[in-house]
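**Q** Build me a model from this:
(2 chains)
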Amino acid sequence: MRISTRLRIITGVTIAALVILIPILVWSFVEFKNAKDDDTLADALHDNYFERASYRDQYFLYREDRQREQWVKSKHETDRLVAQAKVQFHRGHDQQVLERFSRSIEDTAQLFDRIVANTQVIKTAGANKGVYEEFDRRLYSQLLLIATDVRMAITTLQSSTEGRVQERYRQLTVITALFALTLALAVILVAHQMDRLIRRRLLPLHAGVELVAQGNLDYRIETNGSDEFSELSLAINSMTGKLQELTYNLEQKVADRTEAVQRSEARFRHFFEKNKSVMLLIEPATGAIIEANLAAASYYGYAQQHLVDMNISDINTLSPEEVALERQHALHDERNYFNFCHRLASGEIRDVEVYSTPVDASGRPLLFSVIHDVTQRKQQEAALRRANTHLSMAQDAAHAGFWDWDIGSGKLSWTPEFFRLFGLDAATTEASFDTWRATLHPEDLHAAEARISTALRDHLPLTNEYRIVLPTGETRWIYAVGDTSYDEQNQPLRMVGLCVDFTERKIAELELDQHRHHLEAMVEERTAALSIAKEAAEAANRAKSQFLANMSHELRTPMNAIMGMTSLALRRAADPQLVDKLTKIDNASHHLLSVINDILDISKIEAERLTLERVSFKFGLVLENLVSMVGQRAAEKGLKLFIELPPDIARLSLMGDPLRLGQILLNLTGNAVKFTTQGAITLRIMKLEESSVDVLLRCEVHDTGIGITAEDQKRLFTAFEQADGSMTRKYGGTGLGLVISRRLAELMGGDIGLVSTAGQGSTFWLIVRLGKANEVAVPSALAFAEETAELQLKTHYAGARILLAEDEPINQEVSRGLLEDVGLTVELAEDGGLAVAMAQRSHFDLILMDMQMPQMNGVEATRVIRALPGYAKTPILAMTANAFDEDRKVCIEAGMDDHLGKPVVPEVLYKTLLKWLSTSRG
Amino acid sequence: MVASLLGKSLMVKTLPLFIIILATLVGCQKSPTQNYGWRSGEPLEKVSFAYTYQPQSTLAHVAMAKGYFAEEGLDMQPLMRDFGKEALQALLESKADFATVAETPVMFSGLRGDTIFVIANIEASTTNNAIVAKKSAGINAPGDLKGKRVGFTPGTTSDFFLDSFLTANGLTRQDIHPIALKPDEMRDALIAAKADAVSTWNYPLTLIAQALGGDGVLFYDRQIYTETFNIAAQQDFVRTKPETVKRFLRALVKAEEFVAKNPDAAQTIMAAATKIDKSLIQDVWNAFNYRVVLDQKLLLTLEDEARWAIKNRLTDKTTMPDYASYIHSDSLRAVRPEAVSTNR
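**A** Predicted coordinates:
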């Protein structure tokens, strides 16, 4: 086995053993120290236990504060030690014992506290002192009991830690011994190896080497075995053999080297001779041509042999002195590149470039020159210069400044025209970006630069426009174009372009722009003025309508008095002449009321306060109502009234505002009756479209009346205009009906119109789109047919108690008269507060409530009354001059059951009273 | 390889030395603890053991169920009793060789002059005894017990705990109407309103509290009393059959180790052995400390209770017996030295 292998094995095994042993040794030390620490802590707990026991017994004996305080302090020390132990002790068993110990300590603390507390009780106890003394003994007994637990736990802990210390110590001893033993064994083994080596191997080797050193190259050292010494012996033997061999080979090598040099020279000559470039070797001092290759002979037109007899001055067109001077430059390596004119054998002069290098030819300095003919290139360059001159002249003629920007270097070049355009002196100013920026108008600088950046970034041709400020202070407009070239990586290389001054054209453009802007501004100004005027007009219109709506209340209140009083008087009058007069007043007041209603309707529409209801209904009911209102009048004039309602429409449940639809139809039919003296009036309903959700209906009212001229038709639907002013006088009416109808039709998403020829009757049509409802809750028909409401009230409800809340004296009288006429008992409240008080005092069958009253209004009073016991279902009806839909809504929301608008129509009042009295009784 | 490294002569000299050193070092290591067990083939010895259905007897049930007595060569005959006083009675009547019993009956036995030994304490608890009372009887606080009918089992821990509890609350036996009841009579007495409160232990304690529901109220005081449960045997038996006693104790030590490591399995054994719902066993489990020991605690408690019994004239004796002579620690010391911490 090799010695190095043996040593490696010994070292390796020793290291491995140490690598294993050292951590174990360290770990063992740490464990031993930990065990020792634990043991110290257990001892501390033990000492502390006895200290505390001593204080406990002292207290038991003397019952003084000193012992108690020391006990408590000692307990704090215990707590500290326990907390430390809980962190320090890792063994499961130790932890359990510690836990037991800690619990017992807490128990002793609590018991001690109880003993202290009981001691205080004993000091102040009376008759049952004996009981507390007994308790004291019991507590002490328990304290001692638990103290044994504490002591046991401590003893267990101590024996555990002591055991551990011993165990760790034993462990440490064993590992240390193993460690020492391993080291000793390694030392013994190494020493043994060394001894063997020196004695057996090294001494024979030394003797052999000495012999070889004395020159005995034939001696060979004896080798045996396979270790490093055998290898060394073999190597020395081999070295001796090699030395003999080397001596023999040396002379052979010298001969080989000489032959190689000769071959190299031949190669160089071939390279020179056959080269296609013209080459000369020149004597630098005299200019004599020493060597010339075949290419030179061919180029100059001399035989090769002839050339080597020539001097370079015979070829160069410069004077011999000048040529000599240049040769010196080349010889000293000051310059190697020359432009000369050489004369050929034919006499032709050629432009040549000469590269001349000094060479050393076996200690002799020569010039080695290579000559290139550049005649053709020179000619091309001259042509290019001429072309540039032409371009420059063209730019000058166009007053265009040319610029060339090498983006890589940032170098700019400008033509003289460019300098001139920018008012710069080409002689004193350098073409640069800074110079260009300095001339730019400050407002245009940023935009102009941005356009250049954009062109570069997006690979676009540059188009730029900016102002410059000349040194004279004059501002000029410049138009610039440019184009960029890019490398293979798309990086910009170069941008070239032109600038021209286009100030005159620009000024003309700007002036044109200014005129156009001025014109637009004027138009906007005028439009704004018109808009303000329009809004003002609309506001005024709304204010007017608002005013009219507010007037409603003020007009209805006296109208109620007039109509009510007339009605009352008529009911009582017996004299035919008086009845006639009263009837006329009644008619006139009804007319006045319809005029007021129309005016208020239109004012609501104008004030945009009219909203349509959306309830389910059937068309038949609308028509029934219509017939009940105009049927009488038509019959009185001897007119026939036909209604054509197809059954499929009659069956449809519709969704919309039946009152307003009725109002339109009533207006159209009423007009027809009014303007027709003989013949018939036909009301025809047709279906135009039907979908799953809605239906489009056309209603036509055809009459055989006076007809309307085409000219008058145009004005018919315009507010405050009738077909003819004389119509009003003859037929009465405000002329607002059609206007209202048209607005209502539009609100319903429909339209209204007419077809008429003067003298041949008219057909008014209404197209309206109505939604479809699922089903219609048809109001139960009340049995008014056989008996009038008035009669039924008198028959069935005489004596019913009605509370009338009304502040206006005349209206009080009217209402009271109408109610008492049908046998009802009326009690009057002059305001809402009084109405509430009266309702609280006694019970009423029905309450009629005005809305606007002093102190407490009707709405508020209704809310209070509704909350009173027994009034949850009593009918409360609004009777008020606040007759608009929104007023009605307010009443219903406050808890009222119905709404009667003033002026009160007796028949309507009686029907409503009958309905609600029967409901509440039923 | 070793031979070539060392050379033959060196190896012959050093190797034996090295081996001797190694052997010495290894020899220093601690030898494993010797494990005792019954040698198979010998016939089992027949002995009887009176123990109770109470949680305090858990080690007895576990040793039985796990076959530890058989492992120790004992053919164990179980005699089941309701509570420790009855088990001790079986011992005194020579129906049983061993009995589980709390210290109070042992204390009375000592006053009577019975010749028994306590050979081990197998359980200790400070929360096993309590008063359970009815709110409907006007008892909401310990002080309310005054003038009330309170049930207890005479001569048991129930008796002593009741007195301790009254004392702790400034009351005496004269302040209440004591009614003697067996543990299994207590629940019905409370429900039939024959008693307002009772002093008892588990499982009756928890079962009664559950039966009373919202009407029940429990009064504990873990600082006035430590209940111990012990193994008693006739002195003659202990003296004449010391090996049997050691085997018996070894089986209990095994049971202790099993209970400490497998509380859930121990609870299952208790549920099967006592026919008591496992959830109830788990509820009260932590109130008990199952360890086979003998310490000063037992002696202190016995003396404490004896003073009480003499003072309250529950016995004719007027002097305290030497309870230390009732405690036999040699057997347990032989089986488990570290478990003994009393110097008799």
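
**Q** Where in the chain is the helix or strand with the lowest mean pLDDT?
**A** The chain I'm using is chain A. helix A:725-731 (a mean of 54; mean pLDDT, DSSP states H and E).

**Q** now do chain B
**A** helix B:2-6 (a mean of 47).

**Q** how about the helices of the stretch 201-350 of chain A, start to end?
**A** A:203-213, A:228-274, A:294-300, A:304-307, A:320-331 (DSSP state H, counting those that start in this stretch).

**Q** and what of the stretch 751-900 of chain A?
**A** Using DSSP H, counting those that start in this stretch, helices in the stretch 751-900 of chain A cover A:789-796, A:809-821, A:832-841, A:858-867, A:885-894.

**Q** highest average neighbour count across the helices of the stretch 201-350 of chain A?
**A** With neighbours defined as mean count of other CB atoms under 10 Å in any protein chain shown, the helices of the stretch 201-350 of chain A peak in mean count at helix A:294-300, which reaches a mean of 19. (C-beta placed from N, C-alpha, C; glycine too.)

**Q** packing partners for that helix?
**A** Applying 3 or more CB pairs under 8 Å, 6 or more residues apart in numbering or on different chains; DSSP states H and E, one finds that helix A:294-300 contacts strand A:278-282, helix A:304-307, strand A:364-373.

**Q** Now render the helices of the stretch 201-350 of chain A as a markdown table, adding mean pLDDT.
**A** Formatted as a markdown table, these follow (pLDDT from 0 to 100):
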| stretch | mean pLDDT |
| --- | --- |
| helix A:203-213 | 78 |
| helix A:228-274 | 79 |
| helix A:294-300 | 91 |
| helix A:304-307 | 89 |
| helix A:320-331 | 90 |
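
**Q** what's the closest of those helices to A:T11?
**A** The closest of the helices of the stretch 201-350 of chain A to A:T11 is helix A:228-274. By CB to CB, the value is 16.2 Å.

**Q** what's the angle between the closest one and strand A:364-373?
**A** 60 degrees (axes from the mean of the first three to the mean of the last three CA atoms, to 10 degrees).

**Q** Packing partners of helix A:228-274?
**A** Looks like helix A:228-274 contacts helix A:3-62, helix A:203-213 (3+ CB pairs under 8 Å, 6+ apart).

**Q** Run the angle between that helix and helix A:3-62 for me.
**A** Using the same axes, to 10 degrees: helix A:228-274 against helix A:3-62 is 120 degrees.

**Q** What are the buried residues along the strand or helix carrying A:Q120?
**A** Per DSSP states H and E, A:Q120 falls inside helix A:92-124. Neighbour-count burial for helix A:92-124 flags A:94, A:97-98, A:100-102, A:104-105, A:107-109, A:111-112, A:114-116, A:118-119, A:121 (criterion: 16 or more other CB atoms under 10 Å in any protein chain shown).

**Q** What residues does the stretch 51-200 of chain B have near chain A?
**A** Proximity of the stretch 51-200 of chain B to chain A, by CB under 8 Å from any CB of the partner chain, involves residues B:T126, B:S164, B:T167, B:A168, B:G170, B:L171, B:T172.

**Q** out of those, who has the most neighbours?
**A** Tallying neighbours with other CB atoms under 10 Å in any protein chain shown puts B:S164 at the head of those, with 26 neighbours.

**Q** can you list contacts of the strand or helix carrying A:M393?
**A** According to DSSP H and E, A:M393 maps onto helix A:375-398. The contact list for helix A:375-398, computed with CB atoms under 8 Å, 6 or more residues apart in numbering or on different chains, reads A:R350, A:D351, A:V352, A:G401, A:F402, A:T415, A:P416, A:E417, A:L498, A:V500.

**Q** Run me through the strand neighbours of the helix or strand following it, direction for each.
**A** Sequence order places strand A:401-406 as the next helix or strand after helix A:375-398, per DSSP H and E. According to DSSP bridges, strand A:401-406 forms sheet pairs with strand A:411-414 (antiparallel), strand A:492-501 (antiparallel).

**Q** To A:L18, which of those lies closest?
**A** Nearest of these to A:L18, taken as CB to CB: strand A:492-501 at 70.6 Å.

**Q** got the angle for the closest one vs helix A:375-398?
**A** Using the same axes, to 10 degrees: strand A:492-501 against helix A:375-398 is 40 degrees.

**Q** which of the buried residues of helix A:92-124 are close to chain B?
**A** Filtering the buried residues of helix A:92-124 for proximity to chain B by CB under 8 Å from any CB leaves A:D107, A:L111, A:R114.

**Q** I'd like those laid out as JSON lines, including distance to A:T286 and pLDDT.
**A** Compiled in JSON lines, those are given as follows (distance: CB to CB, whole Å; pLDDT from 0 to 100):
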{"residue": "A:D107", "distance to A:T286": "129", "pLDDT": "88"}
{"residue": "A:L111", "distance to A:T286": "134", "pLDDT": "90"}
{"residue": "A:R114", "distance to A:T286": "136", "pLDDT": "90"}
